[in-house]
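Undergrad: Fold the stuff below for me.
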Amino acid sequence: QVDLVESGGGLVQAGDSLELSCVASGQISGRTAMAWFRQAPGKEREFVASGRRSGGSPAYGRDVQGRFTYSRDNAKNTVYLQMKNLKVEDTAVYFCAAGTPILSQLASSSAYYYWGRGTQVTVSS
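TA: Take a look at the predicted model:
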């Protein structure tokens, strides 16, 4: 069992930056990958970023590549999502997820077993 708690969401203006955090507790192994997904009203859940606890380059969704940065602090069991140059279309509930997906499944929500409750990010124009 893994519990995930997200924080850092809020209301910002377009062009601003924001950093989300996700703290994990429970059965976390070196094979664990932690990811960020987001879901806007009326839309499907979308992959944002993911990385493995054991290392390697993070993977990013196409719409956030170059603006968002995924990082982790294994000692704190925490992953971060630094979001820069936010756009109105980034408005969504951002979820943290954990699982043991193979490399080709890092962007697939079905590969993650555990999910946080989400944190709302609202970007105004």
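
Undergrad: from what I can see Ala97 touches Arg117, true?
TA: No. Using CB atoms under 8 Å, Ala97 is not in contact with Arg117; the gap is 11.5 Å. For every residue, glycine as well, the C-beta is placed using N, CA and C.

Undergrad: Show me which of the two is the more surrounded one.
TA: More neighbours surround Ala97 than the other of Ala97 and Arg117, with 23 against 10 (other CB atoms under 10 Å).

Undergrad: Distance check, Gln65 against Thr32.
TA: For Gln65, the distance to Thr32 equals 23 Å [CB to CB, to the nearest Å].

Undergrad: nope, Val93 is what I meant
TA: In terms of CB to CB, Val93 sits 22 Å off from Thr32.

Undergrad: quick one: which of those two has more around it?
TA: Between Val93 and Thr32, counted using other CB under 10 Å, the more crowded position is Thr32 (21 against 18).

Undergrad: hang on, the more buried one packs against Arg52?
TA: Yes. Counting by CB under 8 Å, Thr32 does reach Arg52; the two are 7.4 Å apart.

Undergrad: For Thr122, give the beta-bridge partners.
TA: Here Thr122 sits in beta bridges with Leu11, going by DSSP bridges.

Undergrad: count of neighbours near it?
TA: Thr122 is flanked by 16 other residues according to other CB under 10 Å.

Undergrad: quick one: contacts for it?
TA: Contacts for Thr122 (CB atoms under 8 Å, 6 or more residues apart in numbering) come out as Gly9, Gly10, Leu11, Val12, Thr91.

Undergrad: Mind picking the two most distant members of those residues?
TA: Gly10 and Thr91 (11.4 Å; CB to CB).

Undergrad: hey, what's in contact with both of these two?
TA: Between them, Gly10 and Thr91 share the contacting residues Val121, Thr122, judged by CB under 8 Å, 6+ apart.
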